[in-house]
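Student: No sequence on hand, only this structure:
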């Protein structure tokens, strides 16, 4: 059954019965505790990704690599980051591959890409959250001042999701344009909340106090005041 499913995957396209791929889905689940078998499935998926299979087939591969992918998947997924049609799905996989090579691939392409593809990579670095390396924060920090509002907004949001002490400091040092003040405040609030949850009450308290000094919106003010109270309880 698995053999037939991989044969079907080679030509899988929109409109084809999705059930023909069920044996691959089941194989991914069943091999959870069998590294050798899982590696074999990953290798076969990567072979499809390297082929001239239809886009829907490659989309499917990326979805599976989000679950089963290892460092071995990273080089091929990185190549797809510059592909307007497949970049989103490649990022979808890289966001969840825990090995540092996945984050490094996103960082490399961040330096090379532009426009929506760059914004997507920024978002994916944020999605990796606290598994993102310090180098990710260093790369995102200057983008807070990017002349493109969409890039600056994405960088602030990503740092808020990473929520490390370094990410919090990057946001604290930024001077957002008027149109982005609310976005930056939300990102700093996210940092403070996650830092507090991680036991970093001192850093969270400093961020809440900074937000209150900057005459925030009513919602931010209320949230920051609640945060300060939580810091004092801790």
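Tutor: That came through, no problem. Note that the coordinates shown come from a computational prediction; the quantities given were computed from them, not determined experimentally.
Student: mind checking the end-to-end distance for stretch 30-39?
Tutor: 12 Å (C-alpha to C-alpha, to the nearest Å).
Student: which residues are contacting it?
Tutor: For stretch 30-39, contacts defined as C-beta atoms under 8 Å, 6 or more residues apart in numbering pick out 27, 28, 41, 68, 70, 72. Heads up, the C-betas are built off the backbone N, CA and C, glycines and all.
Student: The residue nearest to residue 119 when sequence neighbours are not counted: neighbour count?
Tutor: Nearest residue to residue 119 in three dimensions, chain neighbours excluded: residue 154, at 4.8 Å (C-beta to C-beta, 6 or more residues apart in numbering). The tally of other residues near residue 154 (other C-beta atoms under 10 Å) stands at 25.
Student: Also residue 30?
Tutor: Neighbour number of residue 30 under other C-beta under 10 Å is 14.
Student: Tell me how far it lies from residue 68.
Tutor: To residue 68, residue 30 is 11 Å away according to C-beta to C-beta, to the nearest Å.
Student: One more: residue 29?
Tutor: Taking C-beta to C-beta, one finds residue 29 at 10 Å from residue 68.
Student: the more surrounded of these two?
Tutor: residue 68 (22 against 10).
Student: I figured that one hits residue 45, correct?
Tutor: Yes: the criterion here is C-beta atoms under 8 Å, and residue 68 meets it with residue 45 at 7.3 Å.
Student: In contact with residue 114, which residues?
Tutor: By C-beta under 8 Å, 6+ apart, residue 114 has no neighbours at all.
Student: scratch that, residue 64 is what I was asking about
Tutor: By C-beta under 8 Å, 6+ apart, residue 64 lies in contact with 24, 25, 28, 41, 45.
Student: Of those residues, which is the most crowded?
Tutor: Neighbour max across those (other C-beta under 10 Å) = residue 45, 26 neighbours.
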